[in-house]
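**Student:** here is my input, please return the structure:
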Amino acid sequence: MKKILSLLVIIVALFIPVSQAQELICEVTVSAPDQSKVSTDPKVFKTLENSIKEFMNNRKWTTDNFKDHEKIQLSIFIGITDQPGENAYTASLTVISKRPTFNSSYNSTVLNLIDNDFSFVYREFDPIEFNEFQFTSNLSHILGYYAYTVIGVDYDTYADKGGQKYLQKAADIVAVVGTSEGTIYKGWKSYDKNQRNRYWFITHLLNGRYEPFRTAMYIYHREGLDNFYSDPILARANVYRALEDIAKVAQDNPNLPLIQTWSESKQDEIIGVYSKAPLEEKTAFLALIKRADPVNASAYDKIKTEK
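**Tutor:** Presented below is the predicted three-dimensional model:
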């Protein structure tokens, strides 16, 4: 009898589908702050929210399996700014990704990207179709681009340049859209006026000249923040090492959008890391940050008064 029950358990297990946990936990908000510029019923934007959420969360973006606690936390905010035609919209897009830190409930912001070159066509209840090798729609390709960018940079924080494969996929999407005949959408090409567009962000990330930036992302998160609970002195030392790499890149190109994006994501967090440091560490840090984040160096002075 026991053998029969055991056999039944095995047979049942074979027919139960194995969960292929996706990579993202994506929350989406779509709004139209100025209703005078939009004629669409607001419920359409709620439908769009759900469609984007399903697209981002249900699609398998990598070959890896993620446990629930390993999934990447992603927030997408879309602010509709105009409706130039029926079912056509222009908007601002904010993409924020976070990762957990070891032995802590704290989640560190990895990316905080703002895209003002976001325009798309959407008809309520239409599926969001995506083919990374062929242009289908600006909406789906922008979402695919950011999915791969977020995943690639997140992988970089766990292994030195560990996200190369997925960052390259983001670059491939840029190439597909940028070379598609008749594409009129902004943000995909080198000659667009916006130097913080999708083309330049991924191009700079993959440029060997700025490789220390990606190494810094690994050192800062994996060897720095992840050690902060168990050994804050070691953690700050590794954060300092990461800032030295950031400084190399910043001195090479002070106006590099990568540095600006990093500062916008990390400034408050770094102030928190050094707020309890000994005076000599604070002094060394303030000297270094003038090279790593020269545009915002004065913002870090507040650590002088924190104890």
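
**Student:** I figured Ser137 hits Asn131, correct?
**Tutor:** No: counting by CB atoms under 8 Å, Ser137 does not reach Asn131; the two are 9.9 Å apart. No exception for glycine: its C-beta is placed from N, CA and C like everyone else's.

**Student:** so which of those two has more stuff around it?
**Tutor:** Ser137 (18 against 12; other CB atoms under 10 Å).

**Student:** how near is that one to Ile76?
**Tutor:** 16 Å (CB to CB, to the nearest Å).

**Student:** over to Asp64?
**Tutor:** Asp64 is 22 Å from Ile76, by CB to CB.

**Student:** higher neighbour count, those two?
**Tutor:** Ile76 (21 against 12).

**Student:** what's near enough to touch the more buried one?
**Tutor:** Contact partners of Ile76, counting by CB atoms under 8 Å, 6 or more residues apart in numbering, are 26-29, 52, 56, 93-95, 146.

**Student:** can you pull up the bridge partners for it?
**Tutor:** Assessed by DSSP bridges, Ile76 has beta-bridge partners Val28, Val95.

**Student:** can I assume Glu129 is in contact with Thr136?
**Tutor:** Yes: the pair Glu129 / Thr136 is scored as a contact, 5.0 Å apart, by CB under 8 Å.

**Student:** the two - which one has more neighbours?
**Tutor:** Legend: neighbour count by other CB under 10 Å for Glu129 and Thr136, higher for Thr136 (16 against 10).

**Student:** okay, and the more buried one sits in which element?
**Tutor:** Following DSSP states H and E, there is no helix or strand that holds Thr136.

**Student:** and it, how close does it get to Met217?
**Tutor:** Distance, Thr136 to Met217, by CB to CB: 31 Å.

**Student:** so which elements touch the helix or strand harbouring Thr149?
**Tutor:** Thr149 belongs to helix 138-156 when assigned by DSSP H and E. Contacting helix 138-156 under the criterion 3 or more CB pairs under 8 Å, 6 or more residues apart in numbering; DSSP states H and E are the following elements: strand 24-31, helix 42-58, strand 72-85, strand 88-100, strand 107-121, helix 164-178, helix 198-206, helix 211-218.

**Student:** which residue packs closest to the most centrally placed residue in the chain, ignoring adjacent ones?
**Tutor:** The structure's the chain has its C-alpha centroid closest to Val150; by CA atoms, centre = their mean the separation is 3.4 Å. Take Val150 and drop its neighbours on the chain: the residue closest to it by CB to CB, 6 or more residues apart in numbering is Ser97, 4.5 Å away.

**Student:** quick one: contacts for Glu244?
**Tutor:** The contact partners of Glu244, taken as CB under 8 Å, 6+ apart, are 288, 292.

**Student:** do that again at 10 Å, thanks
**Tutor:** 212, 216, 219, 288, 291-292 (CB atoms under 10 Å, 6 or more residues apart in numbering).

**Student:** got the residues you listed as CSV, with distance to Ala237 and neighbour count columns?
**Tutor:** Listed next are the contacts of Glu244 as CSV, based on distance: CB to CB, whole Å; neighbours: other CB atoms under 10 Å:
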residue, distance to Ala237, neighbour count
Pro212, 17, 18
Ala216, 14, 25
Ile219, 10, 21
Leu288, 12, 17
Arg291, 18, 16
Ala292, 15, 26
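
**Student:** for the stretch 201-307 of the chain, what spans make up the helices?
**Tutor:** 211-218, 232-252, 257-274, 279-292 (DSSP state H, counting those that start in this stretch).

**Student:** pLDDT value on Gln195, please?
**Tutor:** According to the prediction, Gln195 has pLDDT 84.

**Student:** how is this structure partitioned into domains?
**Tutor:** The chain breaks down into these domains under automatic domain parsing: 20-206, 212-304.

**Student:** how about low-confidence regions in this protein?
**Tutor:** Applying pLDDT under 70 to the chain flags the ranges 1-21, 182, 307.

**Student:** at 80 what do you get?
**Tutor:** For the chain, the stretches with pLDDT under 80 are 1-21, 181-183, 306-307.

**Student:** surely Pro294 meets Ile259?
**Tutor:** Yes: contact criterion CB atoms under 10 Å: Pro294 and Ile259 qualify, at 8.9 Å.

**Student:** any common contacting residues for the two?
**Tutor:** Common contacts of Pro294 and Ile259, defined by CB under 10 Å, 6+ apart, comprise 247, 250.

**Student:** tell me who's in contact with the residue nearest to Val150.
**Tutor:** Ser97 makes contact with 24, 26, 72-76, 107-113, 146, 149-151, 153-154, 157, 265, according to CB under 10 Å, 6+ apart.

**Student:** ChimeraX command for the buried members of those residues?
**Tutor:** Command for ChimeraX that selects the buried part of the contacts of Ser97, burial taken from 16 or more other CB atoms under 10 Å:
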select :24,26,72,73,74,75,76,108,109,110,111,112,113,146,149,150,151,153,154,157,265
